[in-house]
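> take this sequence and fold it.
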Amino acid sequence: MGTVVVTGEKIEKLKRILDNHLTSIGVSLAILIDEAGNEIVSTGKIDQIDTTSLAALAAANFGATAQIAKLIGEEDFSILYHKGKKDNIHITKIGLNFILVTVFTDKIPLGLVRLRVKQLKQELLNTLSEQ
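Numbering: from 1, shown residues only. Down below sits the predicted model:
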């Protein structure tokens with residue numbers, strides 16, 4: 001994918017996609033970022049978390065994990081999952097250039113989050129590539 005131009009209209013469309021697939025099932029926070037950790041769009045309880053720092057750290061986490069994958073002979077790991085006492089984070093690649101960070105509680109099954117993320121991947125990519 002070449003240069004991506006993110007207009008206000010595109011941000012609203014991306015936010016609707018995240019809301020329809022993720023916050024609608026109770027996901028606390030969803031952030032779409034680029035590989036450098038720049039936040040493109042976020043939705044959910046964004047006033048309770050420093051999304052800029054979370055985006056940067058998630059991208060760094062993904063980068064470090066990619067190097068671990070190479071060390072053990074894997075091409076890449078496309079999904080990361082961190083389980084906490086009350087909150088969990090699911091991080092997944094969206095195409096080659098983007099990462100989706102999803103924060104959710106134990107009330108939301110991991111399998112449901114994974115299914116919804118899988119369902120919305122192509123829709124996000126299509127929206128990002130629109131002119």
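> count residues in the vicinity of residue 129, would you?
Residues near residue 129, counting by other Cβ atoms under 10 Å, number 11. In this view, the C-beta of every residue, glycine as well, is placed from N, C-alpha and C.
> please apply the same query to residue 37.
19.
> helix or strand: which one has the nearest residue to it once chain neighbours are set aside?
The shortest distance from residue 37 to any non-neighbouring residue, by Cβ to Cβ, 6 or more residues apart in numbering, is to residue 59 (3.3 Å). In the assignment (DSSP states H and E), residue 59 maps to helix 51-71.
> quick check: bridge partners of the closest residue to residue 86 other than its chain neighbours?
Once flanking residues are discounted, residue 86 sits nearest to residue 105: 6.1 Å by Cβ to Cβ, 6+ apart. Applying DSSP bridges to residue 105 gives these bridge partners: residue 87.
> contacting residues for residue 105?
26, 28, 86, 87, 88 (Cβ atoms under 8 Å, 6 or more residues apart in numbering).
> any idea of the pLDDT on the most centrally placed residue in the chain?
Nearest to the mean C-alpha position of the chain, counting by Cα atoms, centre = their mean, stands residue 100 at 0.9 Å. The model reports residue 100 with a pLDDT of 97.
> mind listing the helices for this protein?
Counting by DSSP state H, the chain has these helices, from start to end: 8-21, 51-71, 110-129.
> buried residues in the last one, which are they?
Neighbour counts over helix 110-129 (16 or more other Cβ atoms under 10 Å) mark 113, 116, 117, 120, 121, 123, 124, 125, 127, 128 as buried.
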